[in-house]
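S.K.: just coords:
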């Protein structure tokens, strides 16, 4: 079945460091891909998405590019802030009405 | 403020108690979901309702009983729970059209449940 694999956390960075959180997926077709973020004490919220190959999703300085050839959707940010400390979830869905499949989540801790 | 409100935010209950979690969405969405988030485990989809009809039940024990009286409200009734049921229970909603799910879910802040 479909699955999403994320790098294990926690990822600990200093403020203004570069961030990459890896996400790869296994799917039989061409899903839509998402990154959700969960800040401490809150529910998940959509961060960005991409619906077809080579699309780049971006929001709040974060970017991720849909790479069909490597079945990846890595999350990147050039300069992280303390306020980016959260858990990040990669997810996929097919456009045929299936449910979201989430990865296990990666905790990011940014130190001043 | 995501437009999805969950109450209570925190709940402590004994194994013989009966309690309910409530979720309300003000977004005009037609689909609502219950997820379970436990420490060091992936998010678990429990139930899905689409236009008030239950469309998914992922082998959830019968001690969890969902209720969706209308498209804006979702309940999770709890009875005779076990300590391993302690977790954060997240409600979400989305807009679907003719069964298609865009994948864009709006989550509440969750209800933190502790079973003693």
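M.R.: Perfect, I can see it now. Computed from a predicted structure; not experimentally measured. Residues are numbered from 1 along each chain as shown, chains lettered A, B, ... in the order given.
S.K.: what are the buried residues along stretch A:57-77?
M.R.: Buried positions in stretch A:57-77, judged by neighbour count with 16 or more other Cβ atoms under 10 Å in any protein chain shown: A:57, A:62, A:63, A:64, A:65, A:66, A:71, A:72, A:73, A:74, A:75, A:77. Where you see a C-beta, it was placed from the backbone N, CA and C, and this is true even at glycine.
S.K.: looking at those, which is nearest residue B:102?
M.R.: Nearest to residue B:102 among those, counting by Cβ to Cβ, is residue A:57 at 13.8 Å.
S.K.: get me the contact residues on chain A for chain B.
M.R.: A:32, A:34, A:36, A:41-46, A:49, A:89, A:91-93, A:95-100, A:102-105 (Cβ under 8 Å from any Cβ of the partner chain).
S.K.: now list the buried members of these.
M.R.: Buried members of those, scored by 16+ other Cβ under 10 Å, are A:32, A:34, A:36, A:43-44, A:46, A:49, A:89, A:91-93, A:98-100, A:102-105.
S.K.: and residue B:55, what does it touch?
M.R.: Going by Cβ atoms under 8 Å, 6 or more residues apart in numbering or on different chains, residue B:55 touches B:48, B:49.
S.K.: tell me the first helix or strand C-terminal of the host helix or strand of it.
M.R.: Residue B:55 belongs to strand B:53-57 when assigned by DSSP states H and E. Beyond strand B:53-57 on the C-terminal side, the first helix or strand identified by DSSP H and E is strand B:64-70.
S.K.: what's the angle from that next one to strand B:53-57?
M.R.: Counting by axes from the mean of the first three to the mean of the last three Cα atoms, to 10 degrees, strand B:64-70 lies at 150 degrees to strand B:53-57.
S.K.: buried stuff in strand B:64-70?
M.R.: For strand B:64-70, a neighbour-count test (16+ other Cβ under 10 Å) marks B:64, B:66, B:68 as buried.
S.K.: follow-up on the earlier one: can you tell me which of the buried residues of stretch A:57-77 are in strands?
M.R.: Judged by DSSP state E, these include A:57, A:62, A:63, A:64, A:65, A:75, A:77 as members of strands.
S.K.: so how far does stretch B:8-27 reach from one end to the other?
M.R.: Using Cα to Cα, to the nearest Å, one end of stretch B:8-27 lies 20 Å from the other.
S.K.: centre of the chain to that stretch, how far?
M.R.: Taking the mean of its C-alpha atoms, stretch B:8-27 sits 9 Å from the chain's own mean (Cα atoms, centre = their mean, to the nearest Å).
S.K.: now it: average pLDDT?
M.R.: Averaging pLDDT along stretch B:8-27 gives 94.
S.K.: buried ones in it?
M.R.: Going by neighbour count (16+ other Cβ under 10 Å), the buried part of stretch B:8-27 is B:11, B:13, B:19, B:21, B:22, B:23, B:24, B:25.
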